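**Q** All I have is the shape, not the residue letters:
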């Protein structure tokens, strides 16, 4: 018994100060990418050097970003010799629409809250079912981390449940492999209405590193309506938590007073 | 042994493709079976198309005691007599060859799909060798036996896989595992995309082994382009690999504690796993180490301020880990719950060619860092941790021993970083060469075997994740256990679905 108490005291309380404090990310952390059109020399070098689907060209031929295609790799920034593409330390980037992740400069149309009826249903109690469909297990590892004592998603009334029949929504990860297509649709159909779908990670949004492979369908198929898109490879747990709380209309606005913070684990 | 062991093939040393022997089928068979009987081990066995509808089968073997690798090959058409009856270690590789190359191993004892996809290295219409849709599960016929099917969508946040149990009451009589749900076509992509994309795909083979698979890929490319990375780059890569091991082993101990409802250890280990991921994030900008390892070295340095900060955090972590490990592993009820559960016998371990902590928990001291040392591990050694019982407790103990040794190792290496640049240029790949790059990932031996074509492009890219060797071990360890213990057994092996399914 004494051993338990001693260990408990040594471990202390480690829950992240979220959504109150400002998360402390290390200097090298790669958050939301931004594009500075004034530094773009239209040299086109980025197109050859870009290893991901981050770049997008609009019909007028202007270069912009698709944050949903980003793999958050250092080479995506160095692809531009002029330094027009940079990663910021901003972890906030979940959007309600696929188009919201496509941007000229990197400003994302951040997720807004569900309508009042859905908020009344799910706002204080949301049960989710995870479906991994052609992933690398990176996003799933971060979904698991949401349940640890640091991020402690359950304190917001959000939990993962064992069956789609118990769930209010699905969290889909992975590029949706041919072998998981049927199981994904069956799980979707088994979830009672009204239901939410959350696409987590570059693979579920755009196919990620596997885009173009004959064995995947480059993300969640278009006939499954998605309510929240969370970019990242994998997204930081706070990016997911932020998106979920925005969806439920539970992000404090205006921001609470800044408090001393502990680094998030 | 007709000279396949005299090629000078070593971990990460490229050899001319022309020097690999092409034997007749019977002599190839005698070489492989004879070598395995003489103590060699099959690291990889795969096919690639040759001219005129024929295929080349290439076997890569390892002699762990001497740190040697060997390779031999043969040419086959649509079928050949299976090697599995004489050499069970290759049974899964032969199933994979049947699926990838549409070549049938005649007389294979259990020929079934591995990942359920059309062939990559034969006309995709030739998939008739194995049916993607109909998976022939084995069944026990009896009035008292019932069947339980689990997956692909599981109760927790777990990757997809299907488990079929034949059970008598609670007791498992047989387990069959059907995988392939995570198949993304990784090898096919790696044979087709440019170098800049390839490394990002390698980092995504298994998201918890970014440094392991990324490192194996980069080492293969470095060997083929003769890029000699600096001691500093080797040290940073070695440190990152051990941080990855720490994060996963600590997480596994927490998950095992969770599966036996021992909540304090589950909560504390879960938090400390995150601390290791955060150390990787300080180094690379990503919690899983993405963006760090690149052909020619690393993209990020470990400057003195960061080294000091990381050392301090690791020393604190070590102080916090020890009481929690004692709380769990010294507890009699925890020991009783793990002892005798999911026992893998030494015979099965040897016959199936099991790797990593699962093998070391059967007292098989197999460890690439020790047997085929590379990079940092040629200069600094980590003792190989073993246990003997082969059960869930032994696999937990091996992890705890490895955590202690890795954390000491990382603290020591961070304090003794060699000076110099972190990256050298890696140029084009030498044409028509074969390289085998092995890494001891936290799950065990990760192998990337790469063969270049005569233009210096990639002709065949073969990835063997440790899970490919070890899933069969889970099948043989389960009979006799209770169905309710399956999650615990599964977690004590903690194999990768994505790494297996590629």
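**A** That came through fine. Values in this document were obtained by computation on a predicted structure and should not be read as measured data. Residues are numbered from 1 along each chain as shown, chains lettered A, B, ... in the order given.
**Q** hey, where'd the helices end up in chain A?
**A** For chain A, the helices defined by DSSP state H occupy A:2-11, A:45-49, A:74-78, A:116-122, A:138-145, A:181-190, A:202-206, A:237-247.
**Q** of all the ones you listed, which lies closest to residue B:408?
**A** Across those, residue B:408 has its closest neighbour in helix A:2-11 (20.3 Å, Cβ to Cβ). Quick note: C-beta positions are derived from backbone N, CA and C, even for glycine.
**Q** which SS class is residue B:47?
**A** strand (DSSP: H, G, I helix; E, B strand; the rest coil).
**Q** wouldn't it be in contact with residue B:73 here?
**A** No. If you go by Cβ atoms under 8 Å, residue B:47 and residue B:73 don't touch, sitting 9.5 Å apart.
**Q** Show me which of these two is the more surrounded one.
**A** residue B:47 (26 against 21; other Cβ atoms under 10 Å in any protein chain shown).
**Q** If we ignore the residues flanking it in sequence, what's nearest that one?
**A** Spatial nearest neighbour of residue B:47, excluding adjacent residues (Cβ to Cβ, 6 or more residues apart in numbering or on different chains): residue B:101 at 3.8 Å.
**Q** which residues of the chain score low on pLDDT?
**A** All of this refers to chain A. For chain A, the stretches with pLDDT under 70 are A:253-265.
**Q** um, chain B though
**A** Residue ranges of chain B with pLDDT under 70: B:1-3, B:124-129.
**Q** Looking at it, which residue is nearest chain A?
**A** Nearest to chain A in chain B, going by Cβ to the nearest Cβ, is residue B:207, at a distance of 2.5 Å.
**Q** For the closest residue to that residue other than its chain neighbours, grab the count of nearby residues.
**A** Among residues not flanking residue B:207 along the chain, residue A:138 sits closest, at 2.5 Å (Cβ to Cβ, 6+ apart). The number of residues packed near residue A:138 is 30, by other Cβ under 10 Å.
**Q** just checking, residue B:434 is part of a helix?
**A** No. Counting by three-state DSSP, residue B:434 falls outside a helix, being strand.
**Q** ok, it touching residue B:450?
**A** Yes. With contact defined as Cβ under 8 Å, residue B:434 and residue B:450 form a contacting pair (7.4 Å).
**Q** sorry, back to before: out of the helices of chain A, deepest packed?
**A** helix A:202-206 (a mean of 31; mean count of other Cβ atoms under 10 Å in any protein chain shown).
**Q** How far does it sit from its chain's centre?
**A** Remark: helix A:202-206 is offset 10 Å from the chain centroid, using Cα atoms, centre = their mean, to the nearest Å.
**Q** Most proximal residue of chain A with respect to chain B?
**A** For chain A, Cβ to the nearest Cβ, closest residue to chain B: residue A:138, 2.5 Å.
**Q** Show me where chain A has its strands.
**A** With DSSP state E as the criterion, chain A has strands at A:33-35, A:55-57, A:63-66, A:85-87, A:102-103, A:126-132, A:158-160, A:169-173, A:196-200, A:228-230.
**Q** Return the list of strands paired to the first one, each annotated with direction.
**A** Strand A:33-35 has its sheet partners listed here by DSSP bridges as strand A:85-87 (antiparallel).
**Q** I would like the residues contacting the strand it pairs with, please.
**A** Strand A:85-87 is contacted by residues A:30-36, A:46, A:54, A:65, A:72, A:76-77, A:79, B:285 when judged by Cβ atoms under 8 Å, 6 or more residues apart in numbering or on different chains.
**Q** now stretch A:158-168
**A** For stretch A:158-168, contacts defined as Cβ under 8 Å, 6+ apart pick out A:121-122, A:126-130, A:143, A:147, A:153, A:170-171, A:187-188, A:190-192, A:194-196, A:244, B:153, B:155-157.
**Q** What of stretch B:22-29?
**A** Stretch B:22-29 is touched from outside by B:2, B:31, B:56-57, B:59, B:72-76, B:80-81, B:83, B:86, with contacts defined as Cβ under 8 Å, 6+ apart.
**Q** Recalculate using a threshold of 10 Å.
**A** If you take Cβ atoms under 10 Å, 6 or more residues apart in numbering or on different chains as the criterion, stretch B:22-29 is touched by B:2-4, B:21, B:30-32, B:50, B:56-59, B:72-76, B:80-83, B:86-87.
**Q** list the contacts for residue B:132?
**A** Neighbouring residues of residue B:132 by Cβ under 10 Å, 6+ apart: A:178, A:179, B:99, B:113, B:115, B:116, B:117, B:118, B:180.
**Q** and it, what element?
**A** Taking DSSP states H and E as the definition, residue B:132 sits outside all helices and strands.
**Q** Kindly report the same for the one 5 residues further on.
**A** Using DSSP H and E, residue B:137 falls within no helix or strand.
**Q** OK, contacts around it?
**A** Neighbouring residues of residue B:137 by Cβ under 10 Å, 6+ apart: B:112, B:147, B:149, B:162, B:164, B:166, B:174, B:176, B:178.
**Q** For the second one, name its beta-bridge partners.
**A** Yep, that's residue B:147 we're talking about. residue B:166.
**Q** List the residues that contact it.
**A** If a contact means Cβ under 10 Å, 6+ apart, then residue B:147 has B:137, B:139, B:140, B:164, B:165, B:166, B:167, B:174 as its contacts.
**Q** Show me which of those residues are buried.
**A** By neighbour count, with 16 or more other Cβ atoms under 10 Å in any protein chain shown, the contacts of residue B:147 hold B:164, B:165, B:166, B:167, B:174 as buried.
**Q** which residues does the first one contact?
**A** Looking back up the chat, that one is residue B:164. Taking Cβ under 10 Å, 6+ apart as the test, what residue B:164 contacts is B:135, B:137-139, B:147-151, B:174-178.
**Q** Out of the residues you listed, grab the one that's most surrounded.
**A** When neighbours are counted by other Cβ under 10 Å, residue B:175 leads the contacts of residue B:164 with 23 neighbours.
**Q** Look up phi and psi at that residue.
**A** Dihedral pair for residue B:175: phi -130, psi 130, per degrees, to the nearest 10.
**Q** and residue A:125, how many neighbours?
**A** A count of neighbours around residue A:125, defined by other Cβ under 10 Å, yields 12.
**Q** Run through the residues that contact it.
**A** Residues in contact with residue A:125 (Cβ under 10 Å, 6+ apart) are A:156, A:157, A:158, A:159, A:168, A:248.
**Q** Over to residue A:44?
**A** By Cβ under 10 Å, 6+ apart, the contact list for residue A:44 reads residue A:63.
**Q** Pretty sure the residue of chain A closest to chain B sits against residue B:288.
**A** Yes. Here residue A:138 lies in contact with residue B:288, judged by Cβ atoms under 10 Å, at a distance of 5.9 Å.
**Q** can I assume residue B:163 sits in a strand?
**A** Yes. When classified by three-state DSSP, residue B:163 is found to be part of a strand.
**Q** from memory it sits against residue B:174, does it?
**A** No. Here residue B:163 lies out of contact with residue B:174, judged by Cβ under 10 Å, at a distance of 11.0 Å.
**Q** Next, show the common contact partners of these two.
**A** Residues touching both residue B:163 and residue B:174 (Cβ under 10 Å, 6+ apart): B:475, B:478.
**Q** Tell me which residues of the helix or strand hosting residue B:308 come out buried.
**A** For residue B:308, the enclosing helix or strand under DSSP H and E is helix B:304-329. Neighbour counts over helix B:304-329 (16+ other Cβ under 10 Å) mark B:306-307, B:310, B:313-314, B:317, B:320-321, B:324-325, B:327-329 as buried.
**Q** got it, and stretch B:398-415?
**A** Neighbour-count burial for stretch B:398-415 flags B:398-407, B:409-411, B:413-414 (criterion: 16+ other Cβ under 10 Å).
**Q** Check stretch B:254-263 too.
**A** By neighbour count with 16+ other Cβ under 10 Å, stretch B:254-263 contains the buried residues B:254, B:255, B:256, B:257, B:258, B:259, B:260, B:262.
**Q** Likewise for stretch B:271-278?
**A** Buried positions in stretch B:271-278, judged by neighbour count with 16+ other Cβ under 10 Å: B:271, B:272, B:273, B:274, B:275, B:276, B:277, B:278.
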